[in-house]
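1. just to be clear, the model below is a prediction. Sequence and coordinates:
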Number of protein chains: 2
Amino acid sequence: MIELSDAKDIILQQVIKKSPEEVSILDSLNHVLAEDIFADRDYPPFNRATMDGFALQSKNYSENRDYKIIDTVFAGDSFDKPLSDSECVKIMTGAAVPDGLDAVIRIEDSQISGSTVRFSVSELKSGKNVAQRGEDCKAGVKLLNKDYLIKSTSISLLATVGCEMLKVYPSPTVSLITTGNEIIPLDQHPGPHQIRNSNSYAIKALLKDIGIKPSYENHVSDNIELLRDSLSRGLHSDILIITGGVSMGDSDHVPGTLSALGVEKLFHKVKIKPGKPIWFGVKEKTAVFALPGNPMSCQICFKVFIEPYIRGLKGIAAHDNPFLPLSQERQNRTGRNDCFPVQIEKANSFMTTLDYNGSGDIKGNLHSDGFAIQPHDLITVSKGELLEYIPWRAYD
Amino acid sequence: MIELSDAKDIILQQVIKKSPEEVSILDSLNHVLAEDIFADRDYPPFNRATMDGFALQSKNYSENRDYKIIDTVFAGDSFDKPLSDSECVKIMTGAAVPDGLDAVIRIEDSQISGSTVRFSVSELKSGKNVAQRGEDCKAGVKLLNKDYLIKSTSISLLATVGCEMLKVYPSPTVSLITTGNEIIPLDQHPGPHQIRNSNSYAIKALLKDIGIKPSYENHVSDNIELLRDSLSRGLHSDILIITGGVSMGDSDHVPGTLSALGVEKLFHKVKIKPGKPIWFGVKEKTAVFALPGNPMSCQICFKVFIEPYIRGLKGIAAHDNPFLPLSQERQNRTGRNDCFPVQIEKANSFMTTLDYNGSGDIKGNLHSDGFAIQPHDLITVSKGELLEYIPWRAYD
């Protein structure tokens, strides 16, 4: 049985970023850029009217002057006729202010009379209601660095500079194999000693939260031949997740079968509760996580061990989990790092412990926002003391 | 121009929850239950061994006794032979403890000798290492209430009780129409007075964050005929989002065309910056949000006005946004509720203002975690004072 911190280190040492792939702009959401992004031209690309109104020269402007309306310039229009300082054009928000003109007076401040207009503003500064070409950024400026994590707020910019396709680090491929003679599919009626395959859905839900659908999934009974065939197939993915069959029982064939298939064991059993029997190994580019079959163990192991590995393959920088205060004293006499479900109080971010009935409790994690980890060597944690917190919700 | 709070009220008054639909378990993620969920049987459904070891009677147990091993019981096995108090069965984690037996001793505490076994535990309590049938919950107990928001932690339980399909409030259908003569698709090279269609992607990214893909999308130039045809089609959705064409310009045909199509205007212009020209109306079951075309206006209006409406249609309870402290003094002399991009400091949740160059700034929202709202009547906010905060990231 190894330390939790050692287990996490061993896993992260195996991380090799996926090779970049070109994806379409919306598929790049929640992926890390594998290229720098530059401004393809000045932004704004032209002197842009920021109001509906009239464009004119600010030089020689006077409130007491009639201006001749020469034309109307809409967004997208090109207008290149030179104007005198007593002429103007009607102009729409977003349109290019014609060369030679340098200010826009709002329609609300204008009195039109036939083909002329007067304005009710006493003075007019050059640049009024005009966004100057290049004032947001100049052509060639680096806008986003390689290794930037793309979020919904990045997409507008990427579209603006024409990134219909862009290079990102893709998600890993994942295989999911559940095991156990007692497990039946959801569409069958369980016999007295059978239970339904909840782990398959629990893991798929956690994967779906981070945008991944298993490329291969299977359930196998505790039969070495069937297990070997399925594991072989699962080893074609970047990540192979197995649930059940990793403990000390006579039908716990997973570790032995993985070894027989040439998967190198890097650890088996970690000082964590629940989840102690977790097995981790590698074969070539495939990382194999074999999780214990109890529902809470399975979900907690996914968050503690698998999600950080997936983030690493996607090129997302490792982050430290937050430490939050616990709302009451708590004991940990398990000798292991004790993970327990908590709710976060909105007002003050205190973590409130939720009761649960052991790692097999089918509703143990249900109303929790996440779980806290009480270290194995911290037997008593006082009210208000900080513990590491892992939210169920996937991180940015 | 109406108050922001009034605009939000008007929008929420239009909310009518969607009719429930039956979806598969994984598709129910992030949806609200439209039915109560009950335990279909006791959980655990049988007395379950929680360790690999030997099951026996705790009555007359003694450390100095040899126990005869009668058989091995695997998970999923049914074993119904009666045993005496000097007999035991080897048993695996997850297996049903045979009737008449009431305790399990761990394999680690057992010394096997041929067909008998002795145990190195001095006393044995009834129920040791056995999860009792029904101790998590009894058959018929309500596990989840109608109106519960399903998250990844709910999926394990739903699978356990056999909910392969379940009734939830579905997402609304959304149409997205961008407008403007100056706007070109991403795969075309922009002329000097043209810009690329960033709003379409910005809105689709924000929708994707909440699991929605527009059922109809289109870009139309500022042509009333084309606009009318496209809007008509968009009115078949639950929500029609339009960008651009809502201000005071001569090519701002959206409000007039919507009225001509029988859409009832509920407001036009709100005391908000950016986003003032927003137009909102309804026609039968369709809500129409016409947003101003500047990129920051568009994204901020989506979060302030559209996302809460979508949540309502999905049956998600309205929530109050958090109020967080601002890291420096700030003025608001705009006379409007001033929305500005902020980053959240991890250590203390203070909001740090990010500079931006007006609502047309193509990178204005880029590095922000969300935006704060400084009310129109709060001209000076002091360092540490609380302001409403809206994260870009979709809420739970």
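-> Perfect, I can see it now.

2. which other residues reach stretch A:34-47?
-> With contact meaning C-beta atoms under 8 Å, 6 or more residues apart in numbering or on different chains, stretch A:34-47 is reached by A:20, A:96-97, A:102, A:130-146, A:148, A:157-158, A:160-163, A:166-169, A:315, B:190, B:192-193, B:195, B:360, B:362. In this view, the C-beta of every residue, glycine as well, is placed from N, C-alpha and C.

3. where along the stretch 201-350 of chain A do the helices fall?
-> A:224-234, A:254-260, A:295-301, A:307-313 (DSSP state H, counting those that start in this stretch).

4. hmm, back to that, generate a PyMOL selection restricted to the buried subset of the contacts of stretch A:34-47.
-> Buried residues among the contacts of stretch A:34-47 (16 or more other C-beta atoms under 10 Å in any protein chain shown), as a PyMOL selection:
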select buried, (chain A and resi 20+96+97+102+130+131+133+134+135+136+137+143+144+148+157+158+160+161+162+163+166+167+168+169+315) or (chain B and resi 190+193+195+360+362)
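
5. so which bits of the stretch 1-150 of chain A are right by chain B?
-> A:25-26, A:29, A:41, A:43-46, A:48, A:50, A:52, A:72, A:74-78, A:90, A:92-96, A:107-108, A:131, A:135-137, A:143-144 (C-beta under 8 Å from any C-beta of the partner chain).

6. are any of the residues you listed buried, and if so which?
-> The buried subset of these - by 16+ other C-beta under 10 Å - is A:25-26, A:29, A:41, A:43-46, A:48, A:50, A:52, A:72, A:74-77, A:90, A:92-96, A:107, A:131, A:135-137, A:143-144.

7. so which of these belong to strands?
-> Counted as lying in strands by DSSP state E, out of these, are A:48, A:72, A:90, A:131, A:143, A:144.

8. now those in a markdown table, with pLDDT?
-> Below are these laid out as a markdown table (pLDDT from 0 to 100):
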| residue | pLDDT |
| --- | --- |
| A:48 | 95 |
| A:72 | 96 |
| A:90 | 97 |
| A:131 | 95 |
| A:143 | 97 |
| A:144 | 97 |
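
9. just the closest of the residues you listed to residue A:66, please.
-> The shortest approach to residue A:66 among those belongs to residue A:90, at 14.7 Å (C-beta to C-beta).

10. show me where the stretch 151-300 of chain A has strands.
-> A:165-169, A:174-179, A:183-184, A:195-196, A:216-220, A:239-243, A:264-268, A:272-273, A:279-283, A:286-291 (DSSP state E, counting those that start in this stretch).

11. nearest to chain B among those would be which one?
-> Ranking those by distance to chain B, with C-beta to the nearest C-beta as the measure, places strand A:195-196 first at 5.6 Å.

12. ok, and what's touching the closest one?
-> By C-beta under 8 Å, 6+ apart, the list of residues contacting strand A:195-196 from outside reads A:182, A:183, A:184, A:185, A:186, A:190, B:45, B:159, B:160, B:161, B:162.

13. the first one and residue B:94 touch, don't they?
-> Yes. Here residue A:182 lies in contact with residue B:94, judged by C-beta atoms under 8 Å, at a distance of 5.9 Å.

14. common neighbours of these two, please.
-> The contact sets of residue A:182 and residue B:94 overlap at residue B:75 (C-beta under 8 Å, 6+ apart).

15. can you tell me the SS state at the residue of chain A positioned farthest from its centre?
-> Distance from the C-alpha centroid of chain A peaks at residue A:64, with 58.0 Å (C-alpha atoms, centre = their mean). With DSSP: H, G, I helix; E, B strand; the rest coil as the basis, residue A:64 sits in coil.

16. tell me which residues touch the nearest residue to it once chain neighbours are set aside, please.
-> Counting by C-beta to C-beta, 6 or more residues apart in numbering or on different chains, residue A:118 is the residue found nearest to residue A:64 once chain neighbours are left out, at 7.9 Å. Contact analysis of residue A:118 by C-beta under 8 Å, 6+ apart lists A:63, A:64, A:65, A:66, A:67, A:110, A:111.

17. pairing partners for residue A:118 in the sheet, please.
-> residue A:111 (DSSP bridges).

18. so how far is chain B from it?
-> Taking C-beta to the nearest C-beta, to the nearest Å as the criterion, residue A:118 is separated from chain B by 18 Å.

19. show me the shaky parts of chain A.
-> Judged by pLDDT under 70, chain A has its weakly predicted residues at A:395-396.

20. show me the domain layout of it.
-> A:4-18+A:171-313, A:21-43+A:136-169, A:48-131, A:323-391 (automatic domain parsing).

21. what's the offset of the second one from the middle of its chain?
-> To tie it back to what came earlier, the one meant is domain A:21-43+A:136-169. Computed by C-alpha atoms, centre = their mean, to the nearest Å, the chain-centroid distance of domain A:21-43+A:136-169 equals 16 Å.

22. could you work out the end-to-end span of that domain for me?
-> Terminal residues of domain A:21-43+A:136-169 lie 6 Å apart, using C-alpha to C-alpha, to the nearest Å.

23. stretch A:219-229 now?
-> One end of stretch A:219-229 to the other measures 12 Å (C-alpha to C-alpha).

24. list the buried ones in it?
-> Under the neighbour-count criterion of 16+ other C-beta under 10 Å, stretch A:219-229 has A:219, A:220, A:222, A:226, A:227, A:228 buried.

25. need those residues in TSV with distance to residue B:204, can you?
-> As requested, the buried residues of stretch A:219-229 are arranged in TSV below (distance: C-beta to C-beta, whole Å):
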residue	distance to residue B:204
A:219	36
A:220	40
A:222	46
A:226	44
A:227	43
A:228	45
